[in-house]
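Student: Output the structure for:
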Amino acid sequence: MNCTNCGAAVGVDSKFCDSCGTALVSHARTPVQSYAGGAAIANPAPGNIVVVRNPGLALLLSFFFPGAGQVYNGEVGKGIAMFAGYVVSWVLIIVLIGWFGVVGIWLWSMIDAYQNSKTTVAA
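Tutor: Residues are numbered from 1 along each chain as shown. Sure thing, here's the model as predicted:
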């Protein structure tokens with residue numbers, strides 16, 4: 001690691017540069033285990049936060065309330081749209097075409113929530 005002020009080599013655990021005395025900010029990160037294939041993220045960019053969500057919980061939320069898994073994953077707009085489509089499909093059941101929407105959106109909501117929570121999101 002080098003000092004950001006003078007460029008001198010400093011130890012990883014150093015709080016101040018030995019040459020110029022500048023306070024050091026450590027950007028060292030520990031690897032974060034991702035649900036996506038078990039690949040580790042070695043060093044996310046400084047300032048980014050790595051969020052790992054539970055895929056089972058996202059699936060369960062969408063099972064009972066379509067769109068809730070997306071909201072849990074941070075995709076609020078998508079979750080609201082899925083719930084709105086689900087409600088409209090229930091209204092269309094009167095003309096029998098709504099069954100496709102009810103079942104389709106319900107399944108899509110669960111699968112999408114599960115898949116999107118498996119990936120690691122950098123905010």
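Student: Flag the shaky bits of this structure, pLDDT-wise.
Tutor: 1, 25-51, 119-123 (pLDDT under 70).
Student: before we move on, what SS does the residue located most distally from the centre of it have?
Tutor: The C-alpha centroid of the chain is most remote from S19, which lies 40.9 Å away (CA atoms, centre = their mean). At S19 the chain is in coil, as set by DSSP: H, G, I helix; E, B strand; the rest coil.
Student: Could you report the neighbour count for the closest residue to it other than its chain neighbours?
Tutor: Distances taken as CB to CB, 6 or more residues apart in numbering put A8 closest to S19, at 4.0 Å, once the chain neighbours are dropped. Bear in mind the C-beta positions are built from the backbone N, C-alpha and C, glycine included. Around A8 there are 12 other residues, counting by other CB atoms under 10 Å.
Student: Does A8 touch G21 like I think?
Tutor: No: A8 is not in contact with G21 according to CB atoms under 8 Å; the separation is 10.7 Å.
Student: Where do the strands of this structure begin and end?
Tutor: In the chain, the strands defined using DSSP state E lie at 32-33, 40-41, 50-51, 121-122.
Student: got the contact list for W108?
Tutor: M82 (CB atoms under 8 Å, 6 or more residues apart in numbering).
Student: how near is it to L61?
Tutor: Distance, W108 to L61, using CB to CB, to the nearest Å: 14 Å.
Student: circling back to that earlier point, ok, the residue farthest from the centre of the chain to Y72 distance?
Tutor: Look at S19 and Y72: by CB to CB, they are 48 Å apart.
Student: now do G7
Tutor: From G7 to Y72 the distance is 45 Å (CB to CB).
Student: got it, and S14?
Tutor: 40 Å.
Student: Look at these two and report which has more neighbours.
Tutor: Of the pair S14 and Y72, Y72 is the one with more neighbours under other CB under 10 Å, namely 21 against 14.
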